[in-house]
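Peer 1: build me a model from this:
(one chain, ligands or ions: 1)
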Amino acid sequence: MAGAVRTRFAPSPTGLLHVGSALTAVANRRFADERGGVVVLRIDDTDPSRSEPGAEARILADLAWLGIAWHEGPVRQSERAASYADAAERLLASGTAERAADGAVRFREERRPTLLRADGTATYHLASVVDDAELGITHVIRGKDHLPNAELHAALARALGAEPPEYVHHGLLVGADGSKLSKRSGAVALADLRDAGIPAEAVRAYLEELGLPRGNVRYDETRLRRLAVEALAALPDEELARRAGVDRALAPALRGARDLVEARALADLVTRPPDPRATESPETVRAFRAARERAGALDEAAARALVGDLRKGGADLRALRLALTGEPRGPELWAVLLALPCDEALRRADASLIN
Ligand code: GLU
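Peer 2: I've put the predicted structure just below:
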């Protein structure tokens, strides 16, 4: 369709996708979505010495995790050498490029940027411009670090007889000291965030919130963590348990967790039988035992009622928690009861009644 918006996200497979590149991906996706347009995924692997094996697969997996789908691609630059050589030939023929003594092809403008290296491989500048033209890209949305390239890219596109796309450069995510985001700025690769138990929704929401920043933005981990709490709160029990990789019955016990790593730790607290230790309140444990047997199968209301009745009866709930989990703190007691099968709860109660 004429006039349709076409954007592209063009990561280089040189390592893990970090939040800064993910911001570009989200911005492209949103720009296209808002205009009924298309996102092309392009893998900028022109430089084999910098490409890391497996990096492309990890980038695709990270994008899928973030929920960013693309309409076309992945288009790999490493598979498009013929197009670049052809473009270089046309530029040589029209006199806008010249061949150096070593065989490299350079653009004939002030900076004399290299288009084809002496070994015949295309540089990022040539590959990017040829691809943008052949893929019909209407809007190039990328980080401000590429602003210095825009003029050259537009000139190169015109020299190739193409209408240059519109270039939109967004501010970069930077560390607390205003410098480029790096390992020192904390967990910045999407894989690190995932390992830290931050749900994808939170990362996505954070990046959507930033939108297309004009200036550089400080990476705000506190904000991301707040969004993680909100994202986890919004997950239904079933999904929360699935993400934590635990049984669904454990979901209520995960509710206080601020991330999925904490959620797993809470689940662990409940599922791991405590070391046998005599309880300080045998009366409480006996009262619990009787009430638990009487109650049979528990739902949330029944579990809450059971704890409420014990409290009213003057039970020492701290001692009961210790008997059941071995820890003085943890998920709400009713959630612990809900998570523990009846026979396991009774077994733990009995274990604390030994002296
Ligand atoms: N591969 C480039 C990068 O990762 C993309 C630059 C562009 O969008 O033109 O920075």
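
Peer 1: helix or strand for the residue of the stretch 51-200 of the chain found nearest the ligand, which one?
Peer 2: Per CB to the nearest ligand atom, Arg142 is where the stretch 51-200 of the chain lies closest to the ligand, at 3.6 Å. Bear in mind the C-beta positions are built from the backbone N, C-alpha and C, glycine included. Under the criterion of DSSP states H and E, Arg142 resides in strand 139-143.

Peer 1: residues in contact with that strand?
Peer 2: 5-8, 10, 20, 23-24, 27-28, 31, 37, 132, 153, 165-172, 212 (CB atoms under 8 Å, 6 or more residues apart in numbering).

Peer 1: the next helix or strand after that strand packs against which elements?
Peer 2: Remark: after strand 139-143, the chain's next helix or strand is helix 147-159, criterion DSSP H and E. With contacts defined as 3 or more CB pairs under 8 Å, 6 or more residues apart in numbering; DSSP states H and E, helix 147-159 has these neighbours: strand 105-107, helix 124-134, strand 166-170.

Peer 1: between helix 147-159 and the longest one, find me the angle.
Peer 2: Computed with axes from the mean of the first three to the mean of the last three CA atoms, to 10 degrees, the direction of helix 124-134 lies at 50 degrees from that of helix 147-159.

Peer 1: could you see whether the ligand lies near helix 124-134?
Peer 2: Yes: Helix 124-134 comes into contact with the ligand (CB under 6 Å from any ligand atom), by way of Ser128.

Peer 1: got the angle between that helix and strand 139-143?
Peer 2: Using the same axes, to 10 degrees: helix 124-134 against strand 139-143 is 150 degrees.

Peer 1: same deal with the last one?
Peer 2: Relative orientation of strand 166-170 with respect to strand 139-143: 20 degrees, computed using the same axes, to 10 degrees.

Peer 1: now do the contacts for the residue nearest to Ala162 when sequence neighbours are not counted.
Peer 2: Leaving aside its sequence neighbours, Ala162 sits nearest to Ala133 (CB to CB, 6 or more residues apart in numbering; 3.8 Å). Listed by CB under 8 Å, 6+ apart, the contact partners of Ala133 are 157, 160, 162.

Peer 1: 10 Å - rerun?
Peer 2: 83, 87, 156-157, 160-165 (CB atoms under 10 Å, 6 or more residues apart in numbering).

Peer 1: Leu322 too?
Peer 2: 274, 277, 279-281, 285, 316, 328, 352.

Peer 1: starting at the chain centroid, how far to the helix or strand hosting Ala263?
Peer 2: Using DSSP H and E, Ala263 sits within helix 260-271. The chain centre lies 21 Å from the centre of helix 260-271; the measure is CA atoms, centre = their mean, to the nearest Å.

Peer 1: how much space between the residue nearest to Ala162 and Asp33?
Peer 2: Distance, Ala133 to Asp33, by CB to CB, to the nearest Å: 23 Å.

Peer 1: and for His169?
Peer 2: To Asp33, His169 is 20 Å away according to CB to CB.

Peer 1: mind checking the longest helix of this structure?
Peer 2: Taking DSSP state H as the criterion, the chain has its longest helix at helix 19-34.

Peer 1: which strands and helices lie in contact with it?
Peer 2: On a contact count with 3 or more CB pairs under 10 Å, 6 or more residues apart in numbering; DSSP states H and E, helix 19-34 meets strand 6-9, strand 38-43, helix 55-66, strand 139-143, strand 166-170, strand 173-174, helix 190-195, helix 200-210.

Peer 1: the ones you listed: which one's closest to Arg112?
Peer 2: strand 166-170 (21.6 Å; CB to CB).

Peer 1: what average pLDDT does that closest one get?
Peer 2: Mean pLDDT, computed over strand 166-170, is 98.

Peer 1: residues of it that come out buried?
Peer 2: Residues of strand 166-170 classed as buried by neighbour count (16 or more other CB atoms under 10 Å): 167, 169-170.

Peer 1: given it, what are its sheet partners and their directions?
Peer 2: strand 139-143 (parallel) (DSSP bridges).

Peer 1: in the host helix or strand of Leu346, what counts as buried?
Peer 2: Using DSSP H and E, Leu346 falls within helix 342-352. For helix 342-352, burial by neighbour count (16+ other CB under 10 Å) applies to 345, 348-349, 351-352.

Peer 1: okay if I get those residues as TSV plus pLDDT and distance to Gly73?
Peer 2: Converted to TSV, the buried residues of helix 342-352 look like this (pLDDT from 0 to 100; distance: CB to CB, whole Å):
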residue	pLDDT	distance to Gly73
Ala345	98	53
Arg348	97	54
Ala349	98	59
Ala351	97	58
Ser352	97	60
